[in-house]
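Q: quick one, structure for this:
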Amino acid sequence: LCGAMHAMYILDQEMEMLKEHCVMIIKPLRDVISNNFEENCKTELELMNELVVVDDEKRTIEQSYKEKLKSVESQLSEMLPKQQTVEDDNEEGSHSSEDDEEDDDESYADEHSMEDI
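A: As a prediction, this is how the structure comes out:
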């Protein structure tokens, strides 16, 4: 009985030492895991903040380009009727100048035919 009691005491002592050793190993690992988790959360938060900033910049630039596009479209729409009017005038002028050229050709032919006679 005394030997069994001594063996139990030694086993208890070894179990206590094993538990202390496990705690010494596990505690730093828990700290590392906790630190990694905190770093990941910080990084995620920073990335989310950067994403918000970039998204705001994108919207600002997009709005700016939309305003520029509207401005260019309005300028184009103002210029387009003027250009069509100028083209219409040119077409009318070209028709009248063609008529003038035909008249010039006929008078030239008349003059030369008169000289031949």
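
Q: where does pLDDT dip in this structure?
A: Where the chain drops to pLDDT under 70, the residues are 83-117.

Q: what are the ranges of the helices in the protein?
A: If DSSP state H is used as the criterion, the helices of the chain fall at 2-116.

Q: give me the residue at the spatial middle of it.
A: For the chain, the residue nearest the mean C-alpha position is Lys58 (6.4 Å; C-alpha atoms, centre = their mean).

Q: how much space between that one and Tyr65?
A: According to C-beta to C-beta, to the nearest Å, Lys58 and Tyr65 sit 11 Å apart. Backbone N, C-alpha and C define where each C-beta goes, glycine included.

Q: now do Met8
A: 82 Å.

Q: then Val54?
A: 16 Å.

Q: likewise for Ile26?
A: Distance, Ile26 to Tyr65, using C-beta to C-beta: 57 Å.

Q: now swap in Leu45 and tell me
A: As for Leu45, its distance to Tyr65 is 31 Å (criterion: C-beta to C-beta).

Q: cool, Asp12 as well?
A: 77 Å.

Q: before we move on, what about Ala4?
A: Counting by C-beta to C-beta, the gap from Ala4 to Tyr65 is 88 Å.

Q: can you check Arg59 too?
A: Arg59 is 11 Å from Tyr65, by C-beta to C-beta.

Q: what do you get for Pro28?
A: 54 Å.

Q: what do you get for Glu38?
A: From Glu38 across to Tyr65, the span is 41 Å (C-beta to C-beta).

Q: repeat for Tyr9
A: Taking C-beta to C-beta, one finds Tyr9 at 83 Å from Tyr65.

Q: Ile25 too?
A: 59 Å.

Q: same check on Ala7?
A: 84 Å.

Q: same question, Thr43
A: 32 Å.

Q: next one: Pro81
A: According to C-beta to C-beta, Pro81 and Tyr65 sit 26 Å apart.

Q: before we move on, what about Asp56?
A: On the measure of C-beta to C-beta, Asp56 and Tyr65 end up 15 Å apart.

Q: repeat that for Asp31.
A: 50 Å.
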